[in-house]
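# Turn this into a model:
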Amino acid sequence: MAVLRVAGVGAGYFSRYHVEGWTTLPGVEYVAICDAGAAKAEALARRFGVARVYTDAARMLDETRPDLFDIVTPPDTHRALVRLACERGVATVCQKALAPTYDEARAIVDEARHAGIPFVVHENFRFQPWYREARRLLADGTLGTPHSIDFRLRPGDGQGPRAYLDRQPYFQAMARFLVHETAIHFIDTFRYLMGEVRAVYARLRRINPAIAGEDAGYILFEFEQHPPGSASPVTGLFDGNRLNDHVADDPRRTMGEMWLEGSAGVLRLDGAARLWWKPHQQEEREHRYDCGPPDTFGGGCVRALQSHVVRHLTEGSPLENSGQDYLANLRVQEAVYRSSEQGRRIEID
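Now for the predicted structure:
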């Protein structure tokens with residue numbers, strides 16, 4: 001297998017999961033890390049044995065000539081960084097949120113398409129092992145005909161005046177927060193499990209006055225698919241706030257709890273990443289599966305997404321979360337905000 005050379009930009013809180021993944025994947029050489037803060041980049045390089053450190057992304061790309069550029073920086077930096085990759089013809093993975101606005105996100109995707117580079121949005125929640133297993137159970141008919149999905153988000157990290165400051169301080173200043181930064185994960189995951197979204201109805205609000213954007217809300221989803229013989233669509237509910245927690249040793253492992261319902265029963269995800277299966281009118285029992293390592297983010301979903309991208313680039317396997325596909329998530333996101341602002345159901349264009 002040919003070695004895929006990867007260079008990354010961004011040495012903030014979440015970057016360590018990216019570098020850990022790339023440096024442990026077979027067939028990958030992580031050649032350099034870049035950050036405007038040299039000390040942060042050097043610390044990350046020492047921790048994972050990265051040979052080269054830069055403070056200028058253009059220089060890093062020119063000198064290391066990687067096969068893949070991994071962007072792990074705040075959203076307002078993404079357009080300029082993706083342009084560097086486009087100018088050099090380098091395949092790119094870019095963290096979400098893709099851009100501050102939908103129009104800018106679309107411009108980024110268009111620029112990558114015109115440059116002819118593979119472009120992937122790093123949306124990793126669908127790669128968490130509990131959702132991959134749920135998708136498998138849906139596909140093999142265990143749940144029967146699905147009719148609803150509910151997720152109750154309660155990570156418990158948004159309390160008080162210091163909310164988010166120790167980990168991702170820019171969260172406090174985001175004018176759009178809960179949906180743009182967090183619920184977007186579940187928009188994508190709901191699409192992965194239940195198909196395309198036809199309409200939404202949302203009510204959003206801010207509970208913690210220390211932050212600029214919304215941090216709580218309800219989103220009702222209508223999906224395009226219908227149960228056989230029914231005029232009503234399959235539905236979903238996202239019930240989220242970032243202030244309260246849920247029953248879990250680590251509330252951020254799953255971020256909350258899920259119920260996936262079908263004609264044959266209910267699949268439930270708990271805060272310990274266990275799946276529970278309750279056949280219709282029978283006792284609930286644990287459904288055993290490989291829920292991934294407990295000591296890294298999301299059951300190893302970052303590395304799983306990276307492995308998926310490597311297979312696409314080296315073997316030509318189908319790609320999830322291309323930039324073009326990811327715009328579907330952002331169209332739903334924009335409809336959610338319009339629904340909350342206008343107090344009405346919004347159909348997705």
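
# which ones are touching the residue positioned nearest the centre of the chain?
For the chain, the residue sitting closest to the mean C-alpha position, by CA atoms, centre = their mean, is E123 at 3.1 Å. Residues near E123 by CB atoms under 8 Å, 6 or more residues apart in numbering: K96, I184, H185, D188, L305, N321, Y326, N329. For glycine as for every other residue, the C-beta is placed from the backbone atoms N, C-alpha and C.

# May I ask which helix or strand encompasses the last one?
In this case it means N329. Secondary structure from DSSP states H and E places N329 in helix 323-342.

# which residues in this structure form helices?
15-24, 38-48, 57-64, 78-88, 102-115, 129-139, 184-194, 301-315, 323-342 (DSSP state H).

# can I get the ones you listed in JSON lines with mean neighbour count, mean pLDDT and distance to D157?
Conversion of the helices of the chain to JSON lines gives the following (neighbours: other CB atoms under 10 Å; pLDDT from 0 to 100; distance: least, CB to CB, whole Å):
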{"stretch": "helix 15-24", "mean neighbour count": "21", "mean pLDDT": "97", "distance to D157": "17"}
{"stretch": "helix 38-48", "mean neighbour count": "16", "mean pLDDT": "97", "distance to D157": "22"}
{"stretch": "helix 57-64", "mean neighbour count": "17", "mean pLDDT": "98", "distance to D157": "30"}
{"stretch": "helix 78-88", "mean neighbour count": "19", "mean pLDDT": "98", "distance to D157": "24"}
{"stretch": "helix 102-115", "mean neighbour count": "17", "mean pLDDT": "98", "distance to D157": "26"}
{"stretch": "helix 129-139", "mean neighbour count": "18", "mean pLDDT": "98", "distance to D157": "20"}
{"stretch": "helix 184-194", "mean neighbour count": "22", "mean pLDDT": "98", "distance to D157": "15"}
{"stretch": "helix 301-315", "mean neighbour count": "19", "mean pLDDT": "97", "distance to D157": "18"}
{"stretch": "helix 323-342", "mean neighbour count": "19", "mean pLDDT": "98", "distance to D157": "21"}
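
# Spatially nearest residue to V9, not counting backbone neighbours?
Counting by CB to CB, 6 or more residues apart in numbering, V9 lies nearest to C34, which is 4.4 Å off, once chain neighbours are set aside.

# Okay, and the beta partners of the one you found?
Under DSSP bridges, the beta-bridge partners of C34 are V9, Y54.

# And it, what's its pLDDT?
Predicted confidence (pLDDT) for C34: 98.

# Could you pull up the residues touching it?
With the criterion set at CB under 8 Å, 6+ apart, C34 makes contact with A7, G8, V9, G10, A11, A41, V53, Y54, T55, D56, A57, M60.

# now swap in A91 and tell me
Applying CB under 8 Å, 6+ apart to A91 gives the contacts D67, L68, F69, A85, I117, P118, F119, L313.

# So which of these sit within strands?
Those of those mapping onto strands are L68, F69, F119, per DSSP state E.

# Export those to a markdown table and append columns for pLDDT, neighbour count and distance to G195.
Compiled in a markdown table, the ones in strands among the contacts of A91 are given as follows (pLDDT from 0 to 100; neighbours: other CB atoms under 10 Å; distance: CB to CB, whole Å):
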| residue | pLDDT | neighbour count | distance to G195 |
| --- | --- | --- | --- |
| L68 | 98 | 24 | 30 |
| F69 | 98 | 26 | 32 |
| F119 | 98 | 26 | 24 |
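
# which among these gets closest to D295?
Nearest to D295, judged by CB to CB, of these is L68 at 25.9 Å.
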